[in-house]
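S.K.: The following block contains a protein sequence and its predicted model.
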Amino acid sequence: MSNSMSQGRSAGIVGGGIGGLAAAIALRNDGWQVTVYERAQEFTEVGAGISLFPNAITALDALGVGAALRAAGVGEAPGEIRNAAGRVLFTRWAKPLTGGFTVLHRADLISLLVQALPGDCLRPGSTVEDVDLDGTLRIGGETVRHDLIVGADGVHSAIRQRLWPGDTAVRRTGITTWRGVLDTPVSGFAGGIVGVHAEFGVLPMSGGRTYFFAAAQPGFDSFDHFAEWASPVPEVLAAADPERILRDEFLEVPVPRTLAVGKVALVGDSAHAMRPELGQGAAMALEDAVTLAAHAPDLRAYSKARRRRVQAVSWMSRQATRNNMPNSRWRAAVRDVGARAVPEGLALAPTSRLFRWRAPAPTPTDAATMPKAAHPTVEPLATSRRP
Ligand SMILES: Cc1cc2nc3c(=O)[nH]c(=O)nc-3n(C[C@H](O)[C@H](O)[C@H](O)COP(=O)(O)OP(=O)(O)OC[C@H]3O[C@@H](n4cnc5c(N)ncnc54)[C@H](O)[C@@H]3O)c2cc1C
């Protein structure tokens, strides 16, 4: 057996997606020696955009990569929610998004996280095959032991399946989702379009590109369903290269009773994959990473700090499906009337609360004993908003 480090505390991170890389940065900032084991041959992400709401940006600031995020380019904040007929239902995003908002290419987000880590922390082409509660990992013929293991290996997590047996099987929803990036701008709209059985979103990215996404209930999983939708949906679909459209299913992982056992903690989708209805999956992974580093090695405190929040956000994301793609015209009509009638304070309260996340202070033990990397002060993000 090789020990991955000779002195100090070591963390082995399984998975080099957004959650794993963020955990590596956060733990390293708090004095841990980190190794990221990623099964892919390189650190990158699928060809789609990702929206980052204020809580995700707060977490990226806490990691010290906020300036790099701003340099990578800021997309346009969602301005409106419309229905499929083009009727404007909601225009009041400005207030909850004062904490910042951006849309960027997933590959750019991964790249800026990778750049915040020294190359010798990163082990691409390393599939973790087994894990023990005592911090042992098996990778090919090699066995390594760490003081902390972070399971950041995504929705089908081998770490979760091995150490949380029977607790957290992946839940299929049957809901189809499509994502793509246009190399051209779509003028005149930034936001979401909610219909019956389906939804669509269009968000301008930096560099004149456009991120679009769609989702549809089982039985409505064809672009034909969007043919009669108001502008800009037909224009976006006509401009999209079918070869570059990603098609997936919404998958969920029920939040386990604890996010940590022995020396092993779960972060991100491995712990709580959720429907992307509120654009919160990566945001939760980033929050997990910052919170884990603030509490580690006290993993019970980490689990306690995170569990209720991720449960609540996962629940909200599930509820949002009913609103965004209801299963009858009648429900859609009630939604459309309600969206216009409900007072602003009431409409915005849940999301405003959700976005108002603050990074936890490090535990007193850590603060007293561990050398900390300085977190740069970052100016508030300048978002461009529609009225
Ligand atoms: C359609 C859609 C739209 C979304 N939009 C948004 C959005 O706008 N905003 C947002 O915040 N979130 C969004 N999300 C959610 C977000 O994409 C995920 O929550 C986030 O990517 C999870 O990151 P992760 O690091 O936990 O997992 P992953 O990104 O899945 O990373 C897991 C990594 O682990 C590696 N791995 C797996 N097994 C092993 C192993 N045994 N050994 C070594 N490595 C391994 C994988 O190769 C992978 O690199 C969306 C999700 C979907 C499906």
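M.R.: Arrived safely.
S.K.: what about the spatially closest residue to residue 336 that is not a sequence neighbour, distance to the ligand?
M.R.: Take residue 336 and drop its neighbours on the chain: the residue closest to it by C-beta to C-beta, 6 or more residues apart in numbering is residue 83, 5.3 Å away. (Glycine included, C-beta is placed from N, CA and C.) Distance, residue 83 to the ligand, using C-beta to the nearest ligand atom, to the nearest Å: 21 Å.
S.K.: residues from the stretch 1-150 of the chain in reach of the ligand?
M.R.: Proximity of the stretch 1-150 of the chain to the ligand, by C-beta under 6 Å from any ligand atom, involves residues 14-20, 37-40, 50-51, 56, 127-128.
S.K.: So which bits of the stretch 151-300 of the chain are right by the ligand?
M.R.: With C-beta under 6 Å from any ligand atom as the criterion, the stretch 151-300 of the chain meets the ligand at residues 152-154, 158, 177, 179, 213, 248, 268-270, 276, 279-283, 285.
S.K.: Read off the pLDDT value for the residue nearest to residue 336.
M.R.: On pLDDT, residue 83 comes in at 96.
S.K.: in the sheet, who's paired with it?
M.R.: residue 194 (DSSP bridges).
S.K.: Just the ones in helices from the residues of the stretch 151-300 of the chain next to the ligand, please.
M.R.: 158, 269-270, 281-283, 285 (DSSP state H).
S.K.: Closest one of the residues you listed to residue 321?
M.R.: Of all these, residue 281 has the smallest distance to residue 321: 14.3 Å, by C-beta to C-beta.
S.K.: quick one: contacts for the closest residue to that closest one other than its chain neighbours?
M.R.: In this structure, residue 281 finds its nearest non-sequential neighbour in residue 274, 5.7 Å apart by C-beta to C-beta, 6+ apart. Residue 274 sits next to 252-253, 280-281, 284, 310, 313-314, 317-318 when contact means C-beta atoms under 8 Å, 6 or more residues apart in numbering.
S.K.: so where's the stretch 51-200 of the chain uncertain?
M.R.: Low-confidence segments of the stretch 51-200 of the chain, defined by pLDDT under 70: 73, 75, 94, 167.
S.K.: go again using 90 as the cut-off
M.R.: 70-80, 90-101, 140-141, 165-169, 186-190 (pLDDT under 90).
S.K.: Filter the residues of the stretch 151-300 of the chain next to the ligand down to the buried ones, PyMOL style.
M.R.: Typed into PyMOL, the line below selects the buried ones among these, using 16 or more other C-beta atoms under 10 Å:
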select buried, resi 152+153+154+158+177+179+213+268+269+270+276+279+280+281+282+283+285
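S.K.: so residue 259 touches residue 302, yeah?
M.R.: Yes: with contact defined as C-beta atoms under 8 Å, residue 259 counts as touching residue 302 (6.6 Å).
S.K.: Quick check: neighbours shared by those two?
M.R.: Common neighbours of residue 259 and residue 302 (C-beta under 8 Å, 6+ apart) are residue 265.
S.K.: helices or strands up against the helix or strand harbouring residue 67?
M.R.: Assigned by DSSP states H and E, residue 67 belongs to helix 66-72. Helices and strands touching helix 66-72, by 3 or more C-beta pairs under 8 Å, 6 or more residues apart in numbering; DSSP states H and E, are helix 54-63, strand 102-105, helix 106-114.
S.K.: Any chance of JSON lines for those, columns mean neighbour count?
M.R.: Formatted as JSON lines, the helices and strands packed on helix 66-72 follow (neighbours: other C-beta atoms under 10 Å):
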{"stretch": "helix 54-63", "mean neighbour count": "25"}
{"stretch": "strand 102-105", "mean neighbour count": "24"}
{"stretch": "helix 106-114", "mean neighbour count": "20"}
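S.K.: on that earlier part again, closest to residue 264 among the contacts of residue 274?
M.R.: The closest of the contacts of residue 274 to residue 264 turns out to be residue 253 (C-beta to C-beta; 15.8 Å).
S.K.: Now the closest one: closest residue in space, sequence neighbours ignored.
M.R.: Counting by C-beta to C-beta, 6+ apart, residue 273 is the residue found nearest to residue 253 once chain neighbours are left out, at 4.3 Å.
S.K.: ok, that neighbour - contacts?
M.R.: Contacts of residue 273 (C-beta under 8 Å, 6+ apart): 154-155, 170, 251-253, 281.
S.K.: Just the buried residues of those residues.
M.R.: The neighbour count (16+ other C-beta under 10 Å) marks 154-155, 251-253, 281 as buried among the contacts of residue 273.
S.K.: ok, back up a step: is it true that the residue nearest to residue 281 lies in a helix?
M.R.: No: assignment of residue 274 by DSSP: H, G, I helix; E, B strand; the rest coil gives coil, placing it outside any helix.
S.K.: Look at it and report its pLDDT.
M.R.: pLDDT, read off for residue 274, is 98.
S.K.: backbone phi and psi for it, please?
M.R.: phi -130, psi 160 (degrees, to the nearest 10).
S.K.: a markdown table please, covering the helices and strands packed on helix 66-72 and showing distance to residue 225.
M.R.: Shown next, in a markdown table, are these (distance: least, C-beta to C-beta, whole Å):
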| stretch | distance to residue 225 |
| --- | --- |
| helix 54-63 | 30 |
| strand 102-105 | 24 |
| helix 106-114 | 26 |
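S.K.: so how far is residue 239 from the nearest residue to residue 180 once chain neighbours are set aside?
M.R.: Spatially, and ignoring its direct neighbours in sequence, residue 180 is nearest to residue 245 (4.4 Å; C-beta to C-beta, 6+ apart). Noted for residue 245: a distance of 11 Å to residue 239, by C-beta to C-beta, to the nearest Å.
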